[in-house]
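> 3D model of this:
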Amino acid sequence: MPSPMFNKTRQQVSTLTLSNTGKKIFQAMYFGQSSGESTNDDTAKIRVSELMSKMAFYYEQIRNSVDYREEFVLRKSAIVRILKRLIVIEGGIKGDSEDAVNLAKTLLIELIRAGYLPNNTLPETKIAEIATILNKYIKLRRAVFYYWQQNNSDRNKNDGRQEFTNWVIGLAASETEENLNRNKSNDAMVVSMYEVLKKTVELPPELPYRDDLSIQIYLSIYRNYLKLNDEQVLSFVLWGYYWPTWITADDALINQIALDIDQVRRAVEFQLEHPLKSQLNKIIYKYTVYYQILQDIIEQNPKKVYEEMHRDNRYLNTKIREACSKRYKTVKRKLWGSAVRSIIYIFLTKSVLAVVLEIPAVKFFGEELNPLTLLINVSAPAVLLFLAVALTKLPGDNNTSKIIAGIEEIVFVEKARRNTILLKNPISKKGVLGLIFTMIYAATFLLTFGVIIWALNKVQFSWVSIIIFLFFLVFASFFAIRIKRGARSLVVVEDRETIFTFLWSFFYMPIISTGKWLSGKFQSINIFVFIFDFIIEAPFKVFVRIAEEWSKYLNERRENIN
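Down below sits the predicted model:
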């Protein structure tokens, strides 16, 4: 089938001209689909027992219900967890290539069993690919520990070694996930977005971040378009930026990196919290919506879309509206899915604790147990999340019209943006102004929680019940904002600020901020996650492994009998 770029449509009645950017997008999407990896049925595939896979799959679902993660990082998080168990808990990693092969094989088998990868589909050659990736990080970890030991570094203690091991495992998991999740359509769109935004976004002369702008645009595309707003993934992106030859790293390069590891980690940390981060996210967020809808339209049939656009000037407009409508419905469905997962997570990890903590605490302090307050504390988080999702509105026609204008800006010469977007000098939060803002925020914080405590007192809440209510209120509020973020991911029309929305943000922000802070703190000390990861998972995976080997043995015996 010939490429649409090399076939002229007979009837070109459109008054709009496809831009170079538009042509590159069509070409990349077309050739990306045409050159897909061919699958050979004779190639040996990684296969696991269906029965054992079901057991591991259900275990993974139960385990994930007590450790809330965004859907797009679930598999990467599973890779991190498996590598930590195999390297840190079970140990036995010496750093040779055989260790890396065994590690890669075990990792892929466990991912297939847990349902993160399809069974009997992945070629066995994938084991060698993943082993090559893991072997680099095993060698890097060993080289860094060696230099620390030679220099009598304080970081050669258990805490320093463990913290660095976790960081390296995060990088290894991110590169492994990238290998397993290559999408040529996404790659084409990322390249196009980068080229467009590099020309669109401009720094004022007084800002000293000219060398950082390119990588910050690239990181923001990862955060917004690829939805990989994960510190470990972004650290890996930066790792490749500072060490572009890491993909094919040899021992000499690994040793060189080990010597410079502190400098590189400081550079990575600076870029992750760069002063331009917030502004670029706001800009690239809108372009993300344009490219998502454009990808939805083109990837179905690049050749047909290209030809129809030339025949009918209204074709693209119609397809954009159809794609937007489909996306809006999908977002609503995912919103309810995220809400259910969040409710289960909060109920299992937080509401159960309300019962476990509130009843003994009330009795210990000699107060009377109020069944109504207990019921409110247990049910309030789920009710709040339900209402937050139920009251979320889908984007309207004005939003779709804005998306149409944004896509036309990208693909048509006549609609192209004529002026650049000039970034602003980030506002400093230090000095007198910063102090005033801090004091106002502190006053808002005290006022918000003061009013809630006063209201709870009026309905006969004990001080123990009040503390538990506030604890779950901030958690549920933070999760409500997180899951509603998915519904907002397609909104490009700026909300009108009214006095009501201003006051709502003014008083609701302390609750959300507290929930975010507590969520980060309690995620690291989640007792349920500890039980699963350090007490249940290792013996369970051993049991599954032995059971699968036993199943293979029985099948061989049965075949010999037959």
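> Please count neighbours and contacts with C-alpha atoms only from this point.
Fine.
> which SSE is the closest residue in space to Ile169 that isn't next to it in sequence in?
Counting by Cα to Cα, 6 or more residues apart in numbering, the nearest residue to Ile169 once its immediate chain neighbours are dropped is Val80, at 6.3 Å. Per DSSP states H and E, Val80 falls inside helix 74-84.
> my guess is Val233 meets Ile169, correct?
No: counting by Cα atoms under 8 Å, Val233 does not reach Ile169; the two are 11.1 Å apart.
> How many residues are close by Thr498?
Thr498: 9 surrounding residues under other Cα atoms under 10 Å.
> now swap in Val493 and tell me
Val493, neighbours per other Cα under 10 Å, totals 15.
> Run through the residues that contact it.
Asn398, Asn399, Lys402 (Cα atoms under 8 Å, 6 or more residues apart in numbering).
> wait, the second one sits on Val492?
Yes: the criterion here is Cα under 8 Å, and Asn399 meets it with Val492 at 6.2 Å.
> Which secondary structure elements does the longest helix along the chain sit against?
The residue-count maximum for a helix in the chain (DSSP state H) belongs to helix 315-346. Other elements packing on helix 315-346 under the criterion 3 or more Cα pairs under 8 Å, 6 or more residues apart in numbering; DSSP states H and E are helix 50-65, helix 277-298, helix 302-311, helix 371-390, helix 397-411, helix 463-488.
> If we go by neighbour counts, what in the third one is buried?
For helix 302-311, burial by neighbour count (16 or more other Cα atoms under 10 Å) applies to Pro302, Lys303, Val305, Tyr306, Glu307, Glu308, Met309, His310, Arg311.
> got the angle between the longest helix of the chain and helix 463-488?
Interaxial angle of helix 315-346 relative to helix 463-488 (axes from the mean of the first three to the mean of the last three Cα atoms, to 10 degrees): 160 degrees.
> worst-scoring helix or strand of the protein, pLDDT-wise?
Within the chain, no helix or strand scores below helix 527-530, which has a mean of 56 by mean pLDDT, DSSP states H and E.
> now the closest residue in space to Glu202 that isn't next to it in sequence: how far from Gly406?
Excluding the flanking residues, the one nearest Glu202 by Cα to Cα, 6+ apart is Leu422, at 4.9 Å. Using Cα to Cα, to the nearest Å, one obtains 18 Å as the distance from Leu422 to Gly406.
> for Arg142, same thing?
50 Å.
> More neighbours: these two, which one.
Ranked by neighbour count (other Cα under 10 Å), Arg142 and Gly406 place Gly406 first, with 20 against 17.
> Provide a list of residues in contact with that one.
Tyr287, Tyr290.
> Mind doing that once more with 10 Å?
By Cα atoms under 10 Å, 6 or more residues apart in numbering, Gly406 lies in contact with Lys286, Tyr287, Val289, Tyr290, Tyr291, Thr400, Lys415, Ala416, Arg417, Val492.
> just Val331 next, same as before
Neighbouring residues of Val331 by Cα under 10 Å, 6+ apart: Gly337, Leu394, Lys484, Gly486, Ala487, Arg488, Ser489, Leu490.
> close enough to count as contact, the fifth one and Lys332?
This means Ala487. Yes: here Ala487 reaches Lys332: they are 6.7 Å apart, a contact under Cα atoms under 10 Å.
> that older thread, any shared contact partners between Val233 and Ile169?
By Cα under 10 Å, 6+ apart, the residues touching both Val233 and Ile169 are Glu175.
> outside of the helix or strand harbouring Asn255, which residues touch it?
Asn255 belongs to helix 251-259 when elements are defined using DSSP H and E. Residues from elsewhere that reach helix 251-259 (Cα under 10 Å, 6+ apart): 136-137, 139-148, 243, 245-246, 249, 260-261, 263-264.
> more neighbours, Ala487 and Lys332?
Ala487 (23 against 19).
> give the contact list for that one.
By Cα under 10 Å, 6+ apart, the residues touching Ala487 are 327-335, 389, 392-395.
> ok, 7 Å please
Residues near Ala487 by Cα atoms under 7 Å, 6 or more residues apart in numbering: Val331, Lys332, Leu335.
> How about Thr400?
With Cα under 7 Å, 6+ apart as the criterion, the residues that contact Thr400 are Arg321, Cys324.
> What separation do you get for it and Glu322?
Distance of Thr400 to Glu322, given as Cα to Cα: 10 Å.
> Low-confidence ranges, the stretch 451-562 of the chain, go.
495, 497, 502, 519-562 (pLDDT under 70).
> Make a ChimeraX selection of whichever of the contacts of helix 251-259 turn out to be buried.
Here is the ChimeraX command that selects the buried residues among these (16+ other Cα under 10 Å):
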select :136,137,139,140,141,142,143,144,145,148,246,264
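> The contacts of helix 251-259 in helices, which ones?
136-137, 139-148, 261, 263-264.
> related to what we said a few turns ago, out of the contacts of Val493, which one sits closest to Val383?
Asn399 (29.5 Å; Cα to Cα).
> Look up the closest residue to the closest one, ignoring the ones flanking it.
What sits nearest to Asn399 in space, not counting adjacent residues and going by Cα to Cα, 6+ apart, is Val493, at 5.6 Å.
> part of a strand, is His274?
No: under DSSP: H, G, I helix; E, B strand; the rest coil, His274 sits outside any strand and is assigned coil.
> For Arg327, see how far away it is.
32 Å.
> who's more crowded, those two?
Just comparing His274 and Arg327: by other Cα under 10 Å the higher neighbour count belongs to Arg327, 17 against 14.
> Report pLDDT for that one.
Per-residue confidence (pLDDT) for Arg327: 89.
> Distance check, it against Ile297.
Counting by Cα to Cα, the separation of Arg327 from Ile297 is 11 Å.
> next one: Ile410
Ile410 is 14 Å from Ile297, by Cα to Cα.
> who's more crowded, those two?
The neighbour count for Ile410 versus Ile297, taken as other Cα under 10 Å, is higher for Ile410 (25 against 18).
> For the closest residue to the more buried one other than its chain neighbours, give me the backbone phi and psi.
Leaving aside its sequence neighbours, Ile410 sits nearest to Ala416 (Cα to Cα, 6+ apart; 6.2 Å). When read as degrees, to the nearest 10, the backbone of Ala416 gives phi -60, psi 150.
> pLDDT wise, what is Ala416 at?
You'll see Ala416 listed with a pLDDT of 85.
> ok, the most centrally placed residue in the chain to Phe478 distance?
Nearest to the geometric centre of the chain sits Leu228, at 3.9 Å (Cα atoms, centre = their mean). Using Cα to Cα, Leu228 is found at 19 Å from Phe478.
> where does the stretch 101-250 of the chain have low pLDDT?
Residues of the stretch 101-250 of the chain meeting the criterion pLDDT under 70: 158.
> actually the stretch 251-400 of the chain, not the one I wrote
Those would be 346-359, 361-369, if you go by pLDDT under 70 across the stretch 251-400 of the chain.
> same thing but 90
Along the stretch 251-400 of the chain, segments meeting pLDDT under 90 span 295, 298-316, 327-397.
> Against Ile79, how distant is Ser174?
9 Å.
> let me fix that: Gly396
The gap separating Gly396 from Ile79 is 39 Å, by Cα to Cα.
> likewise Pro510?
Using Cα to Cα, we find Pro510 at a distance of 35 Å from Ile79.
> Looking at these two, which is more packed in?
The residue with more neighbours, out of Pro510 and Ile79 and counting by other Cα under 10 Å, is Ile79; that gives 24 against 20.
> Helix or strand: which one has the closest residue to the more buried one other than its chain neighbours?
Distances taken as Cα to Cα, 6+ apart place Ala173 nearest to Ile79, at 5.6 Å, with adjacent residues excluded. Assigned by DSSP H and E, Ala173 falls within helix 158-180.
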